[in-house]
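Undergrad: Predicted model, plus sequence, below.
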Protein chains: 2
Amino acid sequence: MHMLKLYYAPATCALATHLALESTGAPYEALRLDFQGGQQRSPEYLRINPKGRVPALVTQRGILTETPALLQFVAQSFPQAGLAPLDDPFLLARMNAFNSYLCSSVHVAHAHRVRGSRWADDAQAIAAMKQKVAQNMADCFTLIEEHMLQGPWVLGERFSSSDFYLFTISRWLEGDGVDVARFPRVADHLQRMNAEPVVRKVLPLHQG
Amino acid sequence: MHMLKLYYAPATCALATHLALESTGAPYEALRLDFQGGQQRSPEYLRINPKGRVPALVTQRGILTETPALLQFVAQSFPQAGLAPLDDPFLLARMNAFNSYLCSSVHVAHAHRVRGSRWADDAQAIAAMKQKVAQNMADCFTLIEEHMLQGPWVLGERFSSSDFYLFTISRWLEGDGVDVARFPRVADHLQRMNAEPVVRKVLPLHQG
């Protein structure tokens, strides 16, 4: 396989795909965008990803985006890494349902803290959205704690890409004003993930 | 396979999974929830889906949720229906990226019109969100029109579950104050989908 190139930026969900790629052991290139400098909106980058977001993965056949799609693609491209239950469509759907919940509900709940201007122009409305973020994130993580995170990993005994993605978003709780200690299973997961060698290696590249 | 049961409600994204299931030709049961009556928040339904949302698919091995996960699961469970490029991980990732964009960006943009209370408690803030929905939906569909919908189907010559999902969300444009005629490729897709026999059969079950 042609070497993959991942576009990422610190403090974004691109961390999940970065961790998945790194854990395959395959060579790849990680290209960091300067979000503060607006590089994601540059004409050069918009030609790569017209959405102006990360992650974006450059493959031999074209560019792919969206974390859940990338996580399954990386798992299928490097099956020996064991990043998804590829032999079991039901469990794979569980993984994808978890990842889809993170991207469409939890990431969205979080985004209302600093990206409220996506959904309203009025400053007071943006402030009102910010106020509800802690509660919404806590509600999401109550569901994750009580119904979704099987333990020790998201899918149970079997590690998967969902663990990289959950780790990525659990790290946002503190900044969103939520004490992760309220969710003992999530807190335990976060702590174990923090100790993983692949996390120790990749995390410094995501410092602001 | 044990007969699948789909929980759905009119005017929701569950239409996409309903169309996919129906098009497999396999037997299944479709159970309609009364959202106006709050049935999605009943203790009985919360035992099925603690998120209180649709779609939810009851399978022999457990309950699955989230449209992108369900669409791939249905495609994998009934491969003869040809609902996903299962033999091509890159194209499958393209399908999943498209579906993920619909659920995490487009559906979310739409939801700010009638579900603003998810993200703010203040009535003025909720009104401010409503005001931006038409613009946000138009921005999303500009991306779909110019960069994502290959034509004639989402993935090009190959029909896939993404076509059911795009159809489901394109139908919301009018209510969101966006004239679909601004997007000729989307409008053409909507018209062709509307003529599909599976759509003619399922749509009446989704009337309010």
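TA: Now that the structure is in, tell me what you want to look at. Residues are numbered from 1 along each chain as shown, chains lettered A, B, ... in the order given.
Undergrad: Buried ones in the longest helix seen in chain A, by neighbour count?
TA: Taking DSSP state H as the criterion, chain A has its longest helix at helix A:123-143. Using 16 or more other CB atoms under 10 Å in any protein chain shown as the test for burial, helix A:123-143 gives A:125-126, A:128-134, A:136-141, A:143. Just so you know, the C-beta spots here come from the backbone N, C-alpha and C atoms, and that holds for glycine as well.
Undergrad: is any part of it close to chain B?
TA: Yes - against chain B, helix A:123-143 shows contacts by CB under 8 Å from any CB of the partner chain at A:124-125, A:128-129, A:131-132, A:136, A:143.
Undergrad: can I get those residues in JSON lines with pLDDT?
TA: Formatted as JSON lines, those follow (pLDDT from 0 to 100):
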{"residue": "A:Q124", "pLDDT": "97"}
{"residue": "A:A125", "pLDDT": "97"}
{"residue": "A:A128", "pLDDT": "97"}
{"residue": "A:M129", "pLDDT": "98"}
{"residue": "A:Q131", "pLDDT": "98"}
{"residue": "A:K132", "pLDDT": "98"}
{"residue": "A:N136", "pLDDT": "98"}
{"residue": "A:L143", "pLDDT": "98"}
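Undergrad: Just name the closest of the residues you listed to A:R118, please.
TA: Nearest to A:R118 among the residues of helix A:123-143 next to chain B is A:M129, at 9.7 Å by CB to CB.
Undergrad: ok, the spatially closest residue to A:A181 that is not a sequence neighbour to A:D163 distance?
TA: Of all residues not flanking A:A181 in the chain, A:A187 sits nearest, at 5.6 Å (CB to CB, 6 or more residues apart in numbering or on different chains). If you measure A:A187 against A:D163 using CB to CB, to the nearest Å, the figure is 14 Å.
Undergrad: Neighbour count: these two, which is higher?
TA: More crowded of A:A187 and A:D163, by other CB atoms under 10 Å in any protein chain shown: A:D163, with 25 against 16.
Undergrad: which residues does the residue lying closest to A:A138 once chain neighbours are set aside contact?
TA: In space, not counting the residues next to it along the chain, A:A138 is nearest to A:V178; the distance is 5.1 Å by CB to CB, 6+ apart. Contacts of A:V178 were listed using CB atoms under 8 Å, 6 or more residues apart in numbering or on different chains, and they are A:134, A:137-138, A:141.
Undergrad: would a markdown table of those with distance to A:P204 and pLDDT be doable?
TA: Below are these laid out as a markdown table (distance: CB to CB, whole Å; pLDDT from 0 to 100):
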| residue | distance to A:P204 | pLDDT |
| --- | --- | --- |
| A:A134 | 28 | 98 |
| A:M137 | 26 | 98 |
| A:A138 | 29 | 98 |
| A:F141 | 26 | 98 |
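Undergrad: contacts for stretch A:117-126?
TA: For stretch A:117-126, using CB under 8 Å, 6+ apart, the contacting residues are A:111-112, A:116, A:129, B:109, B:112, B:119-120, B:122, B:124-125, B:128-129, B:131-132, B:136.
Undergrad: what's the straight distance from one end of it to the other?
TA: 6 Å (CA to CA, to the nearest Å).
Undergrad: next one: that stretch to chain centre, how far?
TA: 25 Å (CA atoms, centre = their mean, to the nearest Å).
Undergrad: go on, stretch A:195-208?
TA: 14 Å.
Undergrad: In it, which residues are buried?
TA: Per 16+ other CB under 10 Å, stretch A:195-208 contains these buried residues: A:196, A:198-199, A:202-203, A:206.
Undergrad: Then stretch A:64-80?
TA: A:64-78.
Undergrad: can you list the domains in chain A?
TA: A:4-81+A:201-206, A:89-196 (automatic domain parsing).
Undergrad: ok now the last one, how far from the chain's centre?
TA: The chain centre lies 9 Å from the centre of domain A:89-196; the measure is CA atoms, centre = their mean.
Undergrad: Please apply the same query to the shortest one.
TA: Distance of domain A:4-81+A:201-206 from the chain centroid (CA atoms, centre = their mean) equals 11 Å.
Undergrad: Any part of that domain near chain B?
TA: Yes - under the criterion of CB under 8 Å from any CB, chain B is reached by domain A:4-81+A:201-206 at A:50-51, A:59, A:61-62, A:64-70, A:72-73, A:76-77.
Undergrad: quick one on the thing from earlier: would you reformat the buried residues of stretch A:195-208 as a markdown table and include pLDDT and distance to B:E22?
TA: Below are the buried residues of stretch A:195-208 laid out as a markdown table (pLDDT from 0 to 100; distance: CB to CB, whole Å):
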| residue | pLDDT | distance to B:E22 |
| --- | --- | --- |
| A:E196 | 98 | 43 |
| A:V198 | 98 | 43 |
| A:V199 | 98 | 44 |
| A:V202 | 98 | 44 |
| A:L203 | 98 | 46 |
| A:H206 | 97 | 44 |
